[in-house]
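**Student:** no FASTA, just this:
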């Protein structure tokens, strides 16, 4: 019972993130949840290996240091959710540009080997579109 | 009969068949034939053999059938053919045929008669001339050929004592070509010289009759008369009457002359009749009327004509007047009333109607005149647009027309309009040559209808004239008669030809089709394909096949010439690297001169299939690349994909971090 009370209040940011996250895989909730849980583990450890009473749970939940750790970890999770996709997108753009350049080189090599006739199907497909 | 290797620029005397040496500086004008110049010749193996050479005109091939049947026949009383070959002849600076014949030692028979060096008494003539010639004709009949060259000025004495007569050259011209019209039976005399046809033994007997008359009277029976007049007199009066009237013919010779000069070939004496007469058996040859006479004349070309045969001859030579006559009903009336021949009248009327002559719209003037002439005189030659030929003289007429005009439109048109078929249909008795010639005309018609390489008019020329050299402008001067000489000739000219010209033109294609037993017609037909690669590959295949089949030597010059045209065959390959490889390989093969190697490297079916498969794969790959480029350059898609990947990365990172922190806390705790 003390653990349930503790987790209910400790994981509130995760619950909020779950309902506000619009991504199909609920990535935001996973980020927040993972970090939120990681931030709660030391306090949960203290509860399980301490008095393990409702009072102890309330004591932890009212301890500012514990709350900063628990909710700070959740905030860090949210920060990861906001920052990592931007970085990844920049990275994929760079990789795409390099891939496109390689594909164009391959196409040029095909034209060199087979002549313009090799582009006929591609041109037909474009015209069909 | 092998072709001599003598070439232009050689100072040696031309040699044929290895042993017969010809001296271009020693002409023998007394032995000239109208179609061959005589020169001294020597058999280097047997210098005592008396021979001479007749140099043929390059425009008129030797008479193939006579050559094939009488080559080295060793007949008595005949200038036998010892050798035939092709030499470069310095006086005309061209290659041409040369025949080597027995050289007569006693001069012409005619000179002996004119000089009274031999008796003109009938018994002497019988023994000296008739008997040997009869024996000769028996022999030639055994060889299945008519000489068609028996005439007074073509008889020689083989010995200086003038006891052994011989008939001279029959090899250097088409049959009957050199005969004056008087020596030809009426029908064949109406044909142009090249169209007189092969004829038969009866034609030789007729010529022997005229020769006898010439020898016994000592003068040409028609001296001073124009050819047309001779023909007309024969048609009107019959040969015997036309030639003997006014001539002092010994009584004892009247009977054989009447028999030999009969205008009815069935009734004409043959060699056995003549032999019987010489044995003392008396025969009474009947002289049938040569032509039906009308009760009243028809006026044509300012003449009153009573004979339908004469009228047909006049119509053929005056087509514009013939048109007027056919438009009129006077001709039908004359036939019906003058000749009392309703059937013929109806026939001519039908021909006019079919030709459109009875309406205002004349559609087939020439055909109608030709058919009308056939109806009026069925045994006469086919007469069409100035041509006049017996069906068995078509081949040589076609050739003469082509050589003279570089075109043979008229004989070709004649065959396409089936005029020869009408001629055969009009014959009461199909001539001996009938079936064979009908088949020939059917084949000719098929070739003429076809426009592909290896057919057409050119094919007719080479099929019908087996000793004709290839008339292609590329190699005409090389005088290529046998297929074995074609590639060497192309090799010789390869350095001097216009590189734009291709090594096989219509003439060469037809020449190959007619001379090569291996059927190459399918490949020859593709030479004028619209697809340039197919055309040049077909040329390469045909030449390679010839090189292989005839075991010809390598031809680097010809191969280089061909190499200049191979671009379309290389371009067929889609792979440019393969093309470059071919372009590197071909010059090496060209230097080797092996045409089959070139064909094989170009027409490699396995390579072509690989090339096509690889090309299709490349096309698919290109499309795939194209689609990927589109997807990777699409901003929205890129953002979506980045966002998705970013979200997943963030989730993964967070979970990983969370676990690490959890584990760390547990360990520390």
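**Tutor:** In hand now; what should we look at? On a predicted model such as this, the values are computed, not experimentally measured, just so you know.

**Student:** Run through the residues that contact residue B:183.
**Tutor:** Residue B:183 is in contact with B:150-151, B:206-207, B:210-211, counting by Cβ atoms under 8 Å, 6 or more residues apart in numbering or on different chains. The C-beta positions use only the backbone N, C-alpha and C, and glycine is treated the same way.

**Student:** Just the ones of the residues you listed in helices?
**Tutor:** B:206-207, B:210-211 (DSSP state H).

**Student:** Name the nearest residue to the residue in chain A that chain B sits nearest to, ignoring sequence neighbours.
**Tutor:** Chain A approaches chain B most closely through residue A:85 (2.4 Å), counting by Cβ to the nearest Cβ. Leaving out its chain neighbours, the residue that sits closest to residue A:85 by Cβ to Cβ, 6 or more residues apart in numbering or on different chains is residue B:646, at 2.4 Å.

**Student:** ok, and for whichever strand or helix holds that neighbour, which residues are buried?
**Tutor:** Here residue B:646 is covered by helix B:635-668, with elements defined by DSSP states H and E. Within helix B:635-668, the residues scored as buried using 16 or more other Cβ atoms under 10 Å in any protein chain shown are B:638, B:641-651, B:653-655, B:657-658, B:661-662, B:665.

**Student:** next one: stretch B:163-180
**Tutor:** So for stretch B:163-180, counting by 16+ other Cβ under 10 Å, buried means B:164-180.

**Student:** Please apply the same query to stretch B:618-636.
**Tutor:** B:618-619, B:622-623, B:625-626, B:628-629, B:632.

**Student:** what's the closest of those residues to residue A:3?
**Tutor:** Of all the buried residues of stretch B:618-636, residue A:3 sits closest to residue B:632, with 49.8 Å by Cβ to Cβ.

**Student:** Tell me how far that closest one lies from residue B:605.
**Tutor:** For residue B:632, the distance to residue B:605 equals 41 Å [Cβ to Cβ, to the nearest Å].

**Student:** again, but for residue B:574
**Tutor:** 15 Å.

**Student:** More neighbours: which of those two?
**Tutor:** Legend: neighbour count by other Cβ atoms under 10 Å in any protein chain shown for residue B:574 and residue B:605, higher for residue B:574 (20 against 7).

**Student:** which residue sits closest to residue A:92, ignoring its sequence neighbours?
**Tutor:** residue B:642 is the one closest to residue A:92 (Cβ to Cβ, 6+ apart), at 4.5 Å.

**Student:** and if you look at residue B:232?
**Tutor:** Nearest residue to residue B:232 in three dimensions, chain neighbours excluded: residue B:310, at 6.1 Å (Cβ to Cβ, 6+ apart).

**Student:** which residues does the one you found contact?
**Tutor:** B:232, B:235-236, B:291.

**Student:** The helix or strand hosting it: what's the following helix or strand?
**Tutor:** Taking DSSP H and E as the criterion, residue B:310 maps to helix B:308-317. Using DSSP H and E, the next helix or strand after helix B:308-317 towards the C-terminus is helix B:319-327.

**Student:** Against which helices or strands is that following helix packed?
**Tutor:** The contact analysis (3 or more Cβ pairs under 8 Å, 6 or more residues apart in numbering or on different chains; DSSP states H and E) places helix B:319-327 against helix B:308-317, helix B:342-354, helix B:365-376.

**Student:** average pLDDT for the last one?
**Tutor:** If I follow you right, that is helix B:365-376. Helix B:365-376 carries an average pLDDT of 93.

**Student:** and the angle from it to helix B:319-327?
**Tutor:** Put simply, helix B:365-376 runs at 70 degrees to helix B:319-327, going by axes from the mean of the first three to the mean of the last three Cα atoms, to 10 degrees.

**Student:** now swap in the first one and tell me
**Tutor:** Helix B:308-317 and helix B:319-327 are oriented at 120 degrees to each other (the same axes, to 10 degrees).

**Student:** helices and strands of chain A: which one has the lowest mean pLDDT?
**Tutor:** The helix or strand of chain A with the poorest confidence is helix A:120-128; it has a mean of 75 (mean pLDDT, DSSP states H and E).

**Student:** Tell me which residues are up against it.
**Tutor:** By Cβ under 8 Å, 6+ apart, helix A:120-128 touches B:619-620, B:622-623, B:626.

**Student:** and what of stretch B:597-615?
**Tutor:** Counting by Cβ under 8 Å, 6+ apart, residues outside stretch B:597-615 touching it are A:114, A:117-118, B:537, B:540-541, B:544, B:559, B:562-563, B:566, B:569-570, B:572-575, B:578, B:582, B:585-586, B:589-590.

**Student:** what's the first-to-last distance across it?
**Tutor:** For stretch B:597-615, the first and last residues are 25 Å from each other (Cα to Cα, to the nearest Å).

**Student:** so how far is that stretch from its chain's centroid?
**Tutor:** Chain-centre distance of stretch B:597-615: 40 Å, with Cα atoms, centre = their mean, to the nearest Å.

**Student:** May I see the buried residues of that stretch?
**Tutor:** Neighbour-count burial for stretch B:597-615 [16+ other Cβ under 10 Å]: B:597-599, B:601-603, B:611, B:615.

**Student:** what residues does the stretch 301-450 of chain B put near chain A?
**Tutor:** By Cβ under 8 Å from any Cβ of the partner chain, no residue of the stretch 301-450 of chain B approaches chain A.

**Student:** surely residue A:47 meets residue A:55?
**Tutor:** No - counting by Cβ atoms under 8 Å, residue A:47 does not reach residue A:55; the two are 10.7 Å apart.

**Student:** quick one, which of the two is more surrounded?
**Tutor:** Each of residue A:47 and residue A:55 has its neighbours counted (other Cβ under 10 Å); residue A:47 has more, 22 against 9.

**Student:** which element is the more buried one on?
**Tutor:** Residue A:47 belongs to helix A:27-49, assigned by DSSP H and E.

**Student:** Can you tell me, leaving aside adjacent residues, what's nearest to residue A:46?
**Tutor:** Here the residue nearest residue A:46, using Cβ to Cβ, 6+ apart, is residue A:60, at 6.5 Å.

**Student:** Any regions of the chain where pLDDT drops low?
**Tutor:** If you meant another chain, say so; for now it's chain A. Where chain A drops to pLDDT under 70, the residues are A:129.

**Student:** wait, chain B
**Tutor:** In chain B (pLDDT under 70), the answer is B:1-11, B:285-290, B:356-363, B:518, B:669.

**Student:** Nothing else from me, thank you.
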